[in-house]
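# predicted model, plus sequence, below.
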Amino acid sequence: MAQDKALTPRSQDFSRWYNEVVHRAELADHSPVRGSMVIRPWGYGIWENMQRALDDMFKATGHENAYFPLLIPMSFIEREKAHVEGFKPELAVVTHAGGKELEEPLVIRPTSETVIYSMFAKWVQSYRDLPVLMNQWANVMRWEMRTRLFLRTSEFLWQEGHTAHATEAEAREETRRMLEVYRTFMEDWIAMPVVTGLKSEREKFAGAVETWTCEAMMQDGKALQAGTSHHLGQNFARQFDLTFQDEQGTEVHAWNTSWGVSTRLVGGLVMTHGDDKGIVVPPRLAPVQVVVVPIWRKDEQRTALVEKAHQLRSRLQDMGVRVKVDDRDHLSPGAKFWEWERKGVPFRMEVGPRDLESGQVVLVRRVVAEGEDRKAFLPEAEALAALPDLLSAFQSELLQEARRRREERSHRGFDGSIEEMGELLDAQGGGFVYTGWSGDPEVEARVQEKTGATLRCIPDPAFRSPEAPKRCMGGGEATCEVLWARAY
RNA sequence: CGGGGCGUGGCGCAGCUCGGUAGCGCGCCUGCUUUGGGAGCAGGAGGUCCCCGGUUCGAAUCCGGGCGCCCCGACCA
């Protein structure tokens, strides 16, 4: 479990820090199969909280959950041209089963558009059957060349929403609605600010007409695509005969959307808030929001203090706070402090003999705000009463701080050459660069080749610079503003 | 797929150059003492040295072949 006690500092080697912290916070571990991971209870607990929050938001926007199978006939994947081409290299295929070679190979789903729309085709006949608003929580598999825990693994957990609509306008509206749900979730729950916008042709989902994205900035200045929402047009509807009779009785193809976020978000959380002591879990997602650590010197004290700790726990539980008492007695208090800090628990409450006597507790925040004392000595009742507010204040400070960091490394109105952009990214250790663009894919390819940065998105109005850029990166006139960054 | 590194008790590593039958730190178990920032002492358990073959009286060490993993790049949520 413990190698060296301290983690490699982020400033020294960010990706090593990431790997260490994921292991040592007990989020996940490598499985025996290359590129796939075991999500441990602490990591899974965070994911469960994400699921719960997202699921509520999906339900609130009228969606229902369903489940579609893991295996998809190869011919289904092959039906939509762009879709096959996008996924072919990363497919895992089942060729044998029951001791025999299968007549038709089965693909382990890399995503479920094909099966889902083939089923929708059976269920939808009339415009009265629309819209269909469905979501599934599932695992998918994409055979990746290079993998990293949470950020890119061969198998990952996600949610994929799939909808069918009578009109293009409705589908577009749905695409945007769910992008907005994602943005809200990422900001309000993960405390991870994102820039939303449209993907370029080159970067969009294979099979989509348009892909919209949420782009977050990690602490090393690299971008993380945190969630996408696709307007699929009628591409899949055509291939799977997803048609319906409209009000005039005409048989027409439905319009589809799909949208997803994955366990990658856990990696995003780690790289957004972690520090050199470990990860920091935003209170709303923390499986444990407050850990109570009783401290004793003599055995006689132990009983009283452990009892007090459990008393505090049940008081907090009654207030809706997620609490854990750490009364293990083979570890020193210090060891427990380090462990829970590594795991990112927002608050620690210590109770020792001195506190017991004076009716106080010691409250310690995982991340100390500027000008604040590390430890607060508070009367018990006061500490309990204050916790809900402290938790929500902590939550919003995390978002503020992440936003501040992002702005610090965002370069708006950049008007230099492609080479200069590369230099800027080298010097700053990444970052977001906003420039003008003509929409020319050749320019996009050239920038990527020379700087290592990709076109993350054409930002939505809310994220655009006050002044629209006039010049395109790489010459000519700009038709839009774009965001560049090196990315995960 | 290119480049680099590594496979030795649960984890991290040393030993390999110069062959002689395996060691360190952490963790684990037992006991006692401890506990307000990673506890101390004593005792103890635990290893096909990645695999196959070769050289040799003898291989973790040398030679040949294989496999696996990690890191850095090109593709990707």
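Arrived safely. Numbering: from 1, shown residues only, chains lettered A, B, ... in the order given.
# got the confidence number for A:Leu133?
Here the pLDDT value assigned to A:Leu133 is 98.
# next: A:Phe244.
Looking at A:Phe244, its pLDDT reads 98.
# nearest residue to it in space, please, no chain neighbours.
Spatial nearest neighbour of A:Phe244, excluding adjacent residues (C-beta to C-beta, 6 or more residues apart in numbering): A:Val124 at 5.2 Å. Bear in mind the C-beta positions are built from the backbone N, C-alpha and C, glycine included.
# quick one, phi psi at that neighbour?
With angles defined as degrees, to the nearest 10, A:Val124 sits at phi -110, psi 120.
# what's the pLDDT at it?
So, for A:Val124, pLDDT stands at 98.
# measure it to A:Trp255 for me?
Counting by C-beta to C-beta, to the nearest Å, the separation of A:Val124 from A:Trp255 is 12 Å.
# ok, those two, which is more surrounded?
A:Trp255 (28 against 22; other C-beta atoms under 10 Å).
# for A:Gly416, give me its contacts.
Counting by C-beta atoms under 8 Å, 6 or more residues apart in numbering, A:Gly416 makes contact with A:Leu424.
# rerun that using 10 Å as the cut-off
By C-beta atoms under 10 Å, 6 or more residues apart in numbering, the contact list for A:Gly416 reads A:Gly422, A:Glu423, A:Leu424, A:Val433, A:Thr435, A:Met473.
# quick one: contacts for the residue of chain A positioned farthest from its centre?
Distance from the centre of chain A peaks at A:Glu300, with 47.2 Å (C-alpha atoms, centre = their mean). Taking C-beta under 10 Å, 6+ apart, we find A:Glu300 in contact with A:Pro353.
# picking that back up, right, and the residue nearest to A:Phe244 touches A:Val132 too?
Yes: when contacts are counted by C-beta atoms under 10 Å, A:Val124 is listed as touching A:Val132 (6.5 Å).
# need the overlap of contacts for those two.
A:Tyr117, A:Ala164, A:Leu242, A:Ala254.
# separation between the second one and A:Ser126?
From A:Ala164 over to A:Ser126 the distance is 12 Å, taken as C-beta to C-beta.
# of those two, give the one with the bigger neighbour count.
Neighbour totals were compared for A:Ala164 and A:Ser126, and A:Ala164 leads with 29 against 12 (other C-beta under 10 Å).
# buried residues, the one helix or strand that one maps to. List them.
Applying DSSP states H and E as the criterion places A:Ala164 in strand A:155-165. Neighbour counts over strand A:155-165 (16 or more other C-beta atoms under 10 Å) mark A:Glu155, A:Phe156, A:Leu157, A:Trp158, A:Gln159, A:Glu160, A:Gly161, A:His162, A:Thr163, A:Ala164, A:His165 as buried.
# just the CA atoms of the helix or strand just after it, as CSV, please.
Downstream of strand A:155-165, the first helix or strand assigned by DSSP H and E is helix A:168-188. Extracted C-alpha coordinates of helix A:168-188, given in CSV (Å, rounded to 0.1, in the frame of the first residue of the first chain):
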residue,chain,number,x,y,z
GLU,A,168,-34.9,18.3,-36.4
ALA,A,169,-35.6,21.3,-34.2
GLU,A,170,-36.6,19.2,-31.3
ALA,A,171,-33.6,17.0,-31.7
ARG,A,172,-31.3,20.0,-31.7
GLU,A,173,-33.0,21.4,-28.7
GLU,A,174,-32.5,18.1,-26.8
THR,A,175,-28.8,18.0,-27.8
ARG,A,176,-28.4,21.4,-26.3
ARG,A,177,-30.5,20.7,-23.2
MET,A,178,-28.4,17.7,-22.3
LEU,A,179,-25.2,19.6,-22.8
GLU,A,180,-26.5,22.1,-20.4
VAL,A,181,-27.4,19.4,-17.9
TYR,A,182,-23.8,18.2,-18.1
ARG,A,183,-22.4,21.7,-17.7
THR,A,184,-24.5,22.2,-14.7
PHE,A,185,-23.6,18.9,-13.2
MET,A,186,-19.9,19.4,-13.7
GLU,A,187,-20.0,22.8,-12.1
ASP,A,188,-22.4,22.2,-9.3
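# ok, now which ones touch the residue in chain A positioned nearest to RNA strand B?
Across chain A, the shortest distance to RNA strand B (C-beta to the nearest atom of the strand) belongs to A:Gly352, at 1.9 Å. For A:Gly352, the contact set (C-beta under 10 Å, 6+ apart) comprises A:Val293, A:Pro294, A:Ile295, A:Trp296, A:Arg297, A:Gln301, A:Leu305, A:Lys308, A:Pro333, A:Gln360, A:Val361, A:Val362.
# how's chain A carved up into domains?
Domain segmentation of chain A under automatic domain parsing yields A:14-273, A:290-390, A:410-485.
# rewinding a little: which among the contacts of A:Gly352 count as buried?
A:Val293, A:Pro294, A:Ile295, A:Trp296, A:Leu305, A:Lys308, A:Gln360, A:Val361, A:Val362.
# so which of these reach RNA strand B?
Among these, proximity to RNA strand B is found for A:Ile295, A:Trp296, A:Val362 (C-beta under 7 Å from any atom of the strand).
# now, these that are in strands?
Residues of these located in strands (DSSP state E): A:Val362.
# and which of the ones next to RNA strand B among the buried ones among the contacts of A:Gly352 is nearest to A:Glu180?
Of all these, A:Val362 has the smallest distance to A:Glu180: 41.5 Å, by C-beta to C-beta.
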